[in-house]
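Peer 1: No sequence on hand, only this structure:
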């Protein structure tokens, strides 16, 4: 049996539910391939009193037939009639559960619940009635509703304003693996990759456990990338459409937004996204909220600006890699990555993507800087000169991708560089940093102390210009727990 890596918090929540003195309705959600089913099956060791998996794009008649089949398997009652609707199906589930030993908690696992709710189905209404009329009066039921379709899970369960309002006892959102968890997973499978290779792999696969499970330890990283993405039969070559259609209804709206953001790696405001994607109002709000819920995009406030100037950045690594190297089918080379992974184009792409790796590991960065216990706010900042603005403002523009604004009135101004060896600061680069700091202070009028903080795989080389470095974070720290 494959080892369960990480997920301590999630297992803790499941354990509390299993040992509580009330019936529990647990909503477990997260993006496709993130390991929801694996977590539940490993935690409960496949010991369920009832387990049902929804069938993708199947009509209600087919879903009910499968439900009856599973109920016969668990109950041993082959005389169950055909179910004509979900009310009947849940009535027979009640009858079966009511006959079980009253001395133990009864665990029900509904996997891929959004798929169960076929068009014009009465599934949600029947689920509401099942919970309110029967389960709510008991204290021995643990019902786990799992699904990848985030918009459905949010609208029909989490934000339900009908019969399930305030009935959800626990929400568990399964996040991607961290670098540390990916390293732990690779070690469990006898990989011998260094920190740099693990980070490079994370730039492509993100922290999606299923994607990492497809890697082969006997192959190099470039060979693995070619096998998964660039071969015609690559397991992840056609993943994109399945991913977004499985997660979201009206998937084309979501794809429009992520495609737009993929072309603006430094991020866009809501107004900019609206103009580029032709989405606005409530539709755009829902799309942005659901994409953020699934860790596809991240929202950052601009330092000194109001909420309306929030910057949205695409941060799903698979999606970014897809749009960069697969979207327009430019490469028909089965060994494209092996032939190009050392090219200047890829080096530039790695430099930009490493910024997102760092943004996904802010707790590790704070720990390395010794500020875990200090309240912080993460911001970005950009200044674009305006000819009509005051003559007192700088003529040159400037941008900072990561500011860690601290409650102790200090700011870590982060420089993120992905280099082969130790990063060397040149005279020109030091002058650039000092000029940018001057522009930042002049425009924002911020009087906080500023610490130039370098985040690089192997640190910064000592030299005549090293004095500008106030703090460092290396790859070793990023891979900390």
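Peer 2: Arrived safely, thanks for sending. Here the structure is a predicted model, which means the values were calculated and not measured. Residues are numbered from 1 along each chain as shown.
Peer 1: Domain boundaries for the protein, per the record?
Peer 2: As given by automatic domain parsing, the domain ranges for the chain are 8-173, 179-237+326-354, 240-324, 361-478.
Peer 1: May I ask which helix or strand encompasses the residue most central in space within the chain?
Peer 2: Taking Cα atoms, centre = their mean, the centroid of the chain lies closest to residue 295, which sits 3.2 Å from it. Using DSSP states H and E, no element contains residue 295; it sits outside every helix and strand.
Peer 1: Touching, residue 198 and residue 179? I think so.
Peer 2: Yes: contact criterion Cβ atoms under 8 Å: residue 198 and residue 179 qualify, at 6.3 Å. C-beta: built from backbone N, CA, C; applies to glycine.
Peer 1: shared neighbours of the two, which are they?
Peer 2: residue 479 (Cβ atoms under 8 Å, 6 or more residues apart in numbering).
Peer 1: want to throw the domains of the chain into a markdown table with distance to residue 2 and mean pLDDT?
Peer 2: Formatted as a markdown table, those follow (distance: least, Cβ to Cβ, whole Å; pLDDT from 0 to 100):
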| stretch | distance to residue 2 | mean pLDDT |
| --- | --- | --- |
| domain 8-173 | 8 | 95 |
| domain 179-237+326-354 | 8 | 94 |
| domain 240-324 | 22 | 90 |
| domain 361-478 | 25 | 92 |
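Peer 1: And the strands in the stretch 101-250 of the chain?
Peer 2: 106-111, 141-147, 170-173 (DSSP state E, counting those that start in this stretch).
Peer 1: who does the shortest one touch, helix- and strand-wise?
Peer 2: Counting contacts by 3 or more Cβ pairs under 8 Å, 6 or more residues apart in numbering; DSSP states H and E, the secondary-structure elements packed against strand 170-173 are helix 8-19, strand 24-29.
Peer 1: can you give me the helices for the stretch 1-150 of the chain?
Peer 2: Remark: helices assigned in the stretch 1-150 of the chain by DSSP state H, counting those that start in this stretch are 8-19, 36-44, 60-75, 86-98, 113-116, 123-133, 150-152.
Peer 1: now for the fifth one, which elements pack on it?
Peer 2: The reference is to helix 113-116. strand 141-147.
Peer 1: and the angle from the strand it packs on to helix 86-98?
Peer 2: With axes from the mean of the first three to the mean of the last three Cα atoms, to 10 degrees defining the directions, strand 141-147 sits at 140 degrees from helix 86-98.
Peer 1: what comes into contact with strand 141-147?
Peer 2: Taking Cβ under 8 Å, 6+ apart as the rule, strand 141-147 contacts 17-18, 23-29, 36-37, 40, 54, 97, 105-115, 131, 135, 153, 157.
Peer 1: How about stretch 174-193?
Peer 2: If you take Cβ under 8 Å, 6+ apart as the criterion, stretch 174-193 is touched by 3, 5-7, 10, 28-31, 34-36, 39, 195, 198-199, 201-202, 206-209, 212, 215, 217, 221, 295, 357, 360-361, 364, 478-481.
Peer 1: gap between residue 273 and residue 311?
Peer 2: Note on residue 273: its distance to residue 311, by Cβ to Cβ, to the nearest Å, is 10 Å.
Peer 1: Mutual contacts of these two, please.
Peer 2: Between them, residue 273 and residue 311 share no contacting residue, judged by Cβ under 8 Å, 6+ apart.
Peer 1: What's the first helix or strand after the longest helix seen in the chain?
Peer 2: Secondary structure of the chain per DSSP state H: the longest helix is helix 427-444. Using DSSP H and E, the helix or strand that follows helix 427-444 towards the C-terminus is strand 449-455.
Peer 1: ok, then the element right after that next one?
Peer 2: Using DSSP H and E, the helix or strand that directly follows strand 449-455 along the chain is strand 471-473.
Peer 1: Identify each buried residue in the following helix or strand past that next one, please.
Peer 2: As assigned by DSSP H and E, the chain's next helix or strand after strand 471-473 is helix 475-478. By 16 or more other Cβ atoms under 10 Å, the buried positions in helix 475-478 come out as 475, 477, 478.
Peer 1: Helix 475-478 - contacts with which helices or strands?
Peer 2: Taking 3+ Cβ pairs under 8 Å, 6+ apart as contact, the helices and strands that helix 475-478 lies on are helix 195-205, helix 362-369.
Peer 1: ok, and the closest non-adjacent residue to residue 210?
Peer 2: residue 33 (3.7 Å; Cβ to Cβ, 6 or more residues apart in numbering).
Peer 1: Now for the one you found, how many residues are close by?
Peer 2: By the criterion of other Cβ atoms under 10 Å, residue 33 has 23 neighbours.
Peer 1: Correct me if wrong: it contacts residue 209.
Peer 2: Yes: between residue 33 and residue 209 there is a contact under Cβ under 8 Å: 7.2 Å.
Peer 1: buried residues in the longest helix of the chain?
Peer 2: Residues of helix 427-444 classed as buried by neighbour count (16+ other Cβ under 10 Å): 430, 433, 436, 437, 439, 440, 443.
Peer 1: what two of those have the greatest distance between them?
Peer 2: Greatest spatial distance among the buried residues of helix 427-444 (Cβ to Cβ): 430 and 443, at 20.7 Å.
Peer 1: Help me confirm that residue 274 is found in a helix?
Peer 2: Yes: remark: residue 274 belongs to a helix, assigned using DSSP: H, G, I helix; E, B strand; the rest coil.
Peer 1: check contacts around it.
Peer 2: 280, 284.
Peer 1: Can you tell me how far it is from residue 296?
Peer 2: 18 Å.
Peer 1: Distance of residue 433 relative to residue 468?
Peer 2: Distance from residue 433 to residue 468, by Cβ to Cβ: 6 Å.
Peer 1: and the residue lying closest to residue 471 once chain neighbours are set aside, how many neighbours does it have?
Peer 2: Take residue 471 and drop its neighbours on the chain: the residue closest to it by Cβ to Cβ, 6+ apart is residue 453, 4.4 Å away. Applying other Cβ under 10 Å, we find 22 other residues in the vicinity of residue 453.
Peer 1: Could you do residue 271 as well?
Peer 2: By other Cβ under 10 Å, the residues close to residue 271 number 12.
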